[in-house]
Every structure is written in C-alpha cells, then in structure tokens.
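A.B. asks: make a model of this:
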Amino acid sequence: MKMKLMTIVRLLLLVVFTTTLGIHFVTEHVNAGWQTASREPVGLAPDPEQTPEAIIQVYGARAYGWRGYFGVHTWIAVKPSFARTYTVYEVIGWYLRRGGSVVSIHQQQPDRRWFGSMPILLAEKRGDGVDVLISRIEEAALSYPYAREYTMWPGPNSNTFTAWISRAVPELALDLPPTAIGKDYLGSSMTAVAPSGRGWQWSLFGLLGVIVSEVEGFEINFLGLTFGFSHSPIAIKLPLIGRIDLSTQNRVVVSAQE
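C.D. replies: The predicted structure follows:
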C-alpha cells in the first residue's frame, strides 16, 4: 500500500514538474512578434535533391503566441519519387480573411519552424508504395469538408485537417499528440474511425468524446482537452504537456510533443 501511494505521489509531482517545464518552453515564443519569428528549416527533412525515394512526413509544432500554451499546429509534407521539392498540406486559419479556402497546398521546405516553435516529426513513410499513399493524401486534402470554415476551438482547424487525411491514409499509423486540439472534431457526426484510421471514436462537436484504438490507445476528450494512455509504447497523455512516455526501466521520459 505504501509503495502504491509513493508511486502516485511521484506521478503527481512529475505532472506538476513537466507542466512547469512545458509552460516555460512555450513562454519563450509568446512574446516574439510573428513578423520576426523564425521560419527557418531545422534539418528534419531529407534533401530532396539527394533522396530519390518517395517520402511522407507529418509534423507538429506549438501554435503561435498564447495559443501555444494549449496546443500545436500540424501539417503534412510529401515528396513523390524523384521529385526535387516537397509539397506541404496544411490549414491556415487567416486565409478565411481572403474569402477563400483555408487549405494551403504549397511547394516549400517542410521542416520550417512554425513562427519560432521547433517542429517535431510525428510520422514518416518512405520507399515502396508511398507514391500511392501520396495520391490518396492529395485526394483527401482536396475533399476536406471544412475548406471554408475555421474555428480555433474546438475546430475545425489545422488538426482537424490532419486527422481527416490520417483517417483516409491509415497506413501512416499517425498518433496525433493530445495537444492537437481539434483532431476530434467531427462536425455534425458523432461517430467515426479514430484519427489514426484504426479504432473507433465518439465525439460531440469536439467538446466531449472517447477514442479506443490500437494506435492512440484510450483517450477521453473533455472540452477539447485530451486525457489518456497508450500501451505501445506505454505513455500517459495530458493536456498542455503532451505525452509522458514511461519506459520499461521504471524511469519516465517526457516526449518532445510539448
């Protein structure tokens, strides 16, 4: 009993500690103006000039400004076989001001900082069969049902878009981080395949829901905030912080998803 109590206390202390670290991390980016915030690549994407094979990469980075306390922006990059440039698919909310689609499809460097925030690689596919997946990604992007809608919370937003594509291409086995607010938005529907394309999801306008999946594990969504755990690898999922990966050596590793 004493050992169990100590374990619970340690986990609670860990949550407090990692929350503090997460807030400190994102605070570094909040005060910088977006006009001067870095958009430099960070070296996560292979040089297309020297990489003939087809590549798909999914990225995430803390949202700009105060939004970064709560969530991330996600995007998908593809490079067909022998292509010399990457094509990036993402949703940009301020495109609505132009009266057009929020879906952005541009040839650009995929691993650029998101207005100062360091991107991390969430999923990657390379080699044989990837060109077929790239075609399906393009089809899914062009059929995105919320192309002329954007709501930061609870969606539809950039993470709703990434989840839409991920459902259409389950081969990515994409486990979007718990900080990807909007991934659970289903519009007027209440049930769907989980964002990974594997498993089941119930969601009420992205405000209340449940996911059961071999990829995501078990997640509860409350007011757009995700709580849960996964088993491969073993991890706890928390709002603000992201994933806390628990190793088999009785030590804790905080994921870079913050």
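
A.B. asks: return the residues in contact with the closest residue to residue 157 other than its chain neighbours.
C.D. replies: Ranked by C-beta to C-beta, 6 or more residues apart in numbering and with sequence neighbours excluded, the top spatial neighbour of residue 157 is residue 182, at 4.0 Å. In short, each C-beta sits where N, CA and C put it, glycine included. Contact analysis of residue 182 by C-beta atoms under 8 Å, 6 or more residues apart in numbering lists 71, 152-160, 163, 206, 224.

A.B. asks: narrow those residues to just the buried residues.
C.D. replies: Buried subset of the contacts of residue 182 (neighbour count, 16 or more other C-beta atoms under 10 Å): 71, 152, 154-160, 163, 206, 224.

A.B. asks: quick check, nearest of these to residue 99?
C.D. replies: Distance to residue 99, by C-beta to C-beta, is smallest for residue 156 among these, at 17.2 Å.

A.B. asks: hang on, that closest one packs against residue 162?
C.D. replies: No. Applying C-beta atoms under 8 Å, one finds residue 156 not in contact with residue 162, separated by 10.9 Å.

A.B. asks: what packs against the host helix or strand of residue 235?
C.D. replies: Assessed by DSSP states H and E, residue 235 sits inside strand 234-238. Counting contacts by 3 or more C-beta pairs under 8 Å, 6 or more residues apart in numbering; DSSP states H and E, strand 234-238 is packed against strand 217-222, strand 225-231, strand 242-246.

A.B. asks: what are the buried residues along that strand?
C.D. replies: Using 16+ other C-beta under 10 Å as the test for burial, strand 234-238 gives 235-238.

A.B. asks: which of the residues you listed sits closest to residue 229?
C.D. replies: For the buried residues of strand 234-238, the nearest to residue 229 is residue 236 (5.4 Å; C-beta to C-beta).

A.B. asks: and for the residue nearest to that closest one when sequence neighbours are not counted, the neighbour number?
C.D. replies: Excluding its sequence neighbours, the residue lying closest to residue 236 (C-beta to C-beta, 6+ apart) is residue 244, at 4.5 Å. Other residues lying near residue 244 total 21 when counted by other C-beta atoms under 10 Å.

A.B. asks: quick check, residue 244 in contact with residue 234.
C.D. replies: No. If you go by C-beta under 8 Å, residue 244 and residue 234 don't touch, sitting 9.7 Å apart.

A.B. asks: which one of the contacts of residue 182 is nearest residue 197?
C.D. replies: Of all the contacts of residue 182, residue 197 sits closest to residue 163, with 9.5 Å by C-beta to C-beta.

A.B. asks: the closest one: what secondary structure?
C.D. replies: helix (DSSP: H, G, I helix; E, B strand; the rest coil).

A.B. asks: need the contact list for it.
C.D. replies: 176, 180, 182-185, 195.

A.B. asks: which of those residues fall in strands?
C.D. replies: Among those, DSSP state E puts none in strands.
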